[in-house]
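Visitor: output the structure for:
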Amino acid sequence: MIDHISVGVSDLDRAAKFYEATLAALGLTRLVTRPRTVGFGKAYPEFWINLREGMPPVAPESGVHICLRAKTTVEVDAFHAAALSAGGASDGAPGIRPHDRVRYYAAFVLDPDGNRIEAVTFPAE
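Guide: Purely as a prediction, here's the structure:
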């Protein structure tokens, strides 16, 4: 249903370094680099960061987050660890999230601009 997504960043170089490290844990690499945008993906750019000079940090109460699919819990753990090592902040450590309809394993991070990014997988047990 969704072809690609993008987030605004205030410092393209800083964000590109953060996302290169963080998204690598999910098998995404930098595929496109332009003066004001960078695209990451597997076969084509599915996740874009776009320079928005003067952008204030994303408000924590915005409620917006982007969720990316991981193959395994190991990938979710690696995503979280890479994000923290690359200058992000934890917004929910890796773990099982039981809900009424589905049981899933996820981690949430904030990029240096406050964008909330999640990695999720659905383990059998």
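Visitor: the longest strand in the chain is where?
Guide: Assignment by DSSP state E gives strand 89-98 as the longest strand of the chain.
Visitor: buried residues in it, which are they?
Guide: Buried residues in strand 89-98, defined by neighbour count with 16 or more other Cβ atoms under 10 Å: 91, 94. Using the backbone N, CA and C atoms, a C-beta is placed for each residue, glycine as well.
Visitor: may I have the strands that pair with whichever helix or strand comes after that strand, each with its orientation?
Guide: Sequence-wise, the next helix or strand downstream of strand 89-98 (DSSP states H and E) is strand 103-110. Strands that pair with strand 103-110, judged by DSSP bridges, come out as strand 89-98 (antiparallel), strand 116-121 (antiparallel).
Visitor: ok, of those strands, where does mean pLDDT dip lowest?
Guide: Here the strands paired with strand 103-110 differ in mean pLDDT, and the lowest is strand 89-98 at a mean of 94.
Visitor: what's that one in contact with?
Guide: Residues outside strand 89-98 that contact it (Cβ atoms under 8 Å, 6 or more residues apart in numbering): 73, 76-77, 80, 83-84, 103-110, 116, 118, 123.
Visitor: pull the distance from that strand to the chain's centre.
Guide: Offset of strand 89-98 from its chain centre (Cα atoms, centre = their mean, to the nearest Å): 13 Å.
Visitor: same check on stretch 24-44?
Guide: Counting by Cα atoms, centre = their mean, stretch 24-44 is centred 12 Å from the centre of its parent chain.
Visitor: end-to-end on it?
Guide: Length of stretch 24-44, first residue to last, Cα to Cα, to the nearest Å: 14 Å.
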